[in-house]
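1. Provided below are the primary sequence and the corresponding predicted coordinates.
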Amino acid sequence: MKYKAVIFDLDGTLVNSIYDIADAMNTVLRKRNFNTFDYETYKSFVGHGVRSLILKAVPESPEKANLVDVCLKEMLDIYSNCCTDKTHPYPGILSLLEELKSKDVKLAILSNKEDSLTKKVAAAVLPDYIYPTLGLIEEALKKPNPKVLLQICETLNVTPKECVYVGDTRADIQVAKNANMISVGVSWGFRDQEELVKEGAHHIINTPADLLEIL
């Protein structure tokens with residue numbers, strides 16, 4: 001194949017996790033009698049980590065900074081217990097991963113979801129041969145910062161030019177660009193195709209199997 005490795009985003013790319021994320025966040029909001037949001041709205045909230053999600057969901061107030069910290073801990077506690085209740089791979093993902101594995105393409109995950117939760121979701125619903133699987137450990141390192149993406153390349157013993165990065169949001173296209181890597185946007189995720197085109201994705205695919213043509 002033309003490329004030696006594929007690095008994937010997780011949420012909105014490999015798995016549809018919006019229901020579990022939204023249910024957990026709405027539980028936090030409901031506890032405080034704040035407005036809750038529907039699943040479609042949460043698709044616009046996610047992609048930049050849980051803190052960013054909470055900043056968008058919690059109403060403005062003089063105490064918002066402290067409230068975000070409290071809600072962040074609570075959200076992570078709740079979500080950790082329900083993060084695989086409704087989450088499932090998108091149609092065609094498992095067969096794509098099997099095909100790539102059979103062709104000796106190296107596979108990895110880089111997500112802006114908190115690291116332990118990224119690992120928990122991936123372990124529960126995806127094959128165990130995706131390595132490394134990394135999430136957010138430090139806020140400053142979240143996508144589109146390319147540092148962790150480049151570290152994954154070193155772990156896989158490939159150069160950025162030998163990889164493609166696959167994701168569904170602006171941050172995914174940006175991190176690939178910042179790492180000098182080919183970017184592939186997916187049309188089935190949490191953002192519309194227009195955002196991916198505007199951000200300058202090298203390719204946009206409509207089904208997982210379309211990735212094989214690019215590789």
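-> Arrived safely, thanks for sending.
2. in the lengthiest helix in the chain, what's buried?
-> In the chain, taking DSSP state H as the definition, the longest helix is helix 64-82. Residues of helix 64-82 classed as buried: 67-68, 71-72, 74-76, 78-79 (neighbour count, 16 or more other C-beta atoms under 10 Å). C-beta coordinates here come from the backbone N, C-alpha and C atoms, glycine included.
3. Nearest to residue 155, out of the residues you listed: which one, please.
-> Comparing the buried residues of helix 64-82 against residue 155 with C-beta to C-beta places residue 76 closest, at 26.1 Å.
4. tell me the contacts of that closest one?
-> Residue 76 is in contact with 50, 114, 117, counting by C-beta atoms under 8 Å, 6 or more residues apart in numbering.
5. Which stretches in this structure count as helices?
-> Remark: helices assigned in the chain by DSSP H are 18-31, 39-45, 50-57, 64-82, 93-102, 115-125, 147-156, 170-178, 193-199, 210-214.
6. quick one: contacts for residue 166?
-> Applying C-beta under 8 Å, 6+ apart to residue 166 gives the contacts 6-9, 13, 172, 184-186, 211.
7. typo on my end, residue 191
-> Counting by C-beta under 8 Å, 6+ apart, residue 191 has contacts 12, 43-44, 47, 168-170.
8. filter the residues you listed to the buried ones?
-> For the contacts of residue 191, buried by 16+ other C-beta under 10 Å: 12, 43, 47, 168-170.
9. Flag the least confident of those.
-> In terms of pLDDT, residue 47 ranks lowest among these, with 85.
10. Settle this for me: residue 88 is touching residue 14, isn't it.
-> No: with contact defined as C-beta atoms under 8 Å, residue 88 does not reach residue 14; the gap is 10.1 Å.
11. contacting residues around residue 8?
-> So, once contact is read as C-beta under 8 Å, 6+ apart, residue 8 ends up touching 14, 107-110, 130, 165-167.
12. want to try a markdown table for the buried ones among the contacts of residue 191, with distance to residue 157 as columns?
-> Formatted as a markdown table, the buried ones among the contacts of residue 191 follow (distance: C-beta to C-beta, whole Å):
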| residue | distance to residue 157 |
| --- | --- |
| 12 | 28 |
| 43 | 35 |
| 47 | 29 |
| 168 | 27 |
| 169 | 28 |
| 170 | 29 |
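13. Of those, just say which sits nearest to residue 1.
-> For those, the nearest to residue 1 is residue 168 (22.6 Å; C-beta to C-beta).
14. who's in contact with the residue lying closest to that closest one once chain neighbours are set aside?
-> Leaving aside its sequence neighbours, residue 168 sits nearest to residue 189 (C-beta to C-beta, 6 or more residues apart in numbering; 2.5 Å). Listed by C-beta under 8 Å, 6+ apart, the contact partners of residue 189 are 12-13, 167-169.
15. again with residue 19
-> Contact partners of residue 19, counting by C-beta under 8 Å, 6+ apart, are 39, 85-87.
16. Please apply the same query to residue 84.
-> For residue 84, counting by C-beta under 8 Å, 6+ apart, the contacting residues are 20, 120-121, 124-125.
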